[in-house]
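Colleague: give me the fold of what follows.
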Amino acid sequence: MKIVRLTTFLDFGGIETRLSTIAHVKDDNEWIFCAINKGGSAESKIRNQNKRVYVFNLPYKIPSIITIYRLRVFFKKEKPDVVHTSGAEANFHGVLAARLAHIPVIIAEEVGIPSQNKITKVIFGLVYRFSDYVVGNSDKVIDYLKNKNNVSFKKLVKIYNPLLFPSLDNPTKK
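Modeller: Next comes the predicted model:
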């Protein structure tokens, strides 16, 4: 399965740490990590895990027609089975581009409680309708998505932030 993980930046921060942690996964999937705007520390960590990384250097301010268009072109070329977006800008541009590219599974992920006015809440509620699943990393985020963005409970999935553990092959010294 080919999975595209899209975020706004791949420099440093919570989403970037999450993606660099996920990059350690060794499985049969083809993982492609993408940043709409810029790379940095997380980009280097992901590359060190021998994963494909694309940094598009595109505008990330919502809305950007050029960003949606360029992501759509990328998705059409790569033909991923799944596009999984994380963060507001990536969710907005990535979900719309993935839907326009006819990607089979689209997942949007919110990792915190966003500060949204009424119009923004409605807009993101509409964007999330184009996704197959909407992920939150806590009960509070899930409640926000359900109550403020009107995301259908059937689409909501809670996935806690991943953790990296040292190898379990080496027992801890006493």
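
Colleague: wait, M1 touches K79, no?
Modeller: No: between M1 and K79 there is no contact under Cβ atoms under 8 Å: 11.5 Å. Bear in mind the C-beta positions are built from the backbone N, C-alpha and C, glycine included.

Colleague: any idea how far the closest residue to G40 other than its chain neighbours lies from L19?
Modeller: In this structure, G40 finds its nearest non-sequential neighbour in D11, 3.1 Å apart by Cβ to Cβ, 6 or more residues apart in numbering. With distances taken as Cβ to Cβ, to the nearest Å, D11 is found 11 Å from L19.

Colleague: and the two? Which one has more around it.
Modeller: L19 (27 against 17; other Cβ atoms under 10 Å).

Colleague: correct me, but the more buried one touches A42?
Modeller: Yes: using Cβ under 8 Å, L19 is in contact with A42, at 6.0 Å.

Colleague: what's the closest non-adjacent residue to I113?
Modeller: Spatial nearest neighbour of I113, chain neighbours left out: Y144 (5.3 Å); criterion: Cβ to Cβ, 6+ apart.

Colleague: cool, K121 as well?
Modeller: K148 (5.2 Å).

Colleague: now for the one you found, how many residues are close by?
Modeller: When counting by other Cβ under 10 Å, one arrives at 17 neighbours for K148.

Colleague: what's the separation between it and R52?
Modeller: Distance, K148 to R52, by Cβ to Cβ: 35 Å.

Colleague: now K121
Modeller: Per Cβ to Cβ, K121 is found 34 Å from R52.

Colleague: report the buried residues of stretch 135-151.
Modeller: Within stretch 135-151, the residues that count as buried by 16 or more other Cβ atoms under 10 Å are 135-138, 141-142, 144-146, 148-149, 151.

Colleague: repeat that for stretch 26-34.
Modeller: For stretch 26-34, burial by neighbour count (16+ other Cβ under 10 Å) applies to 31-34.
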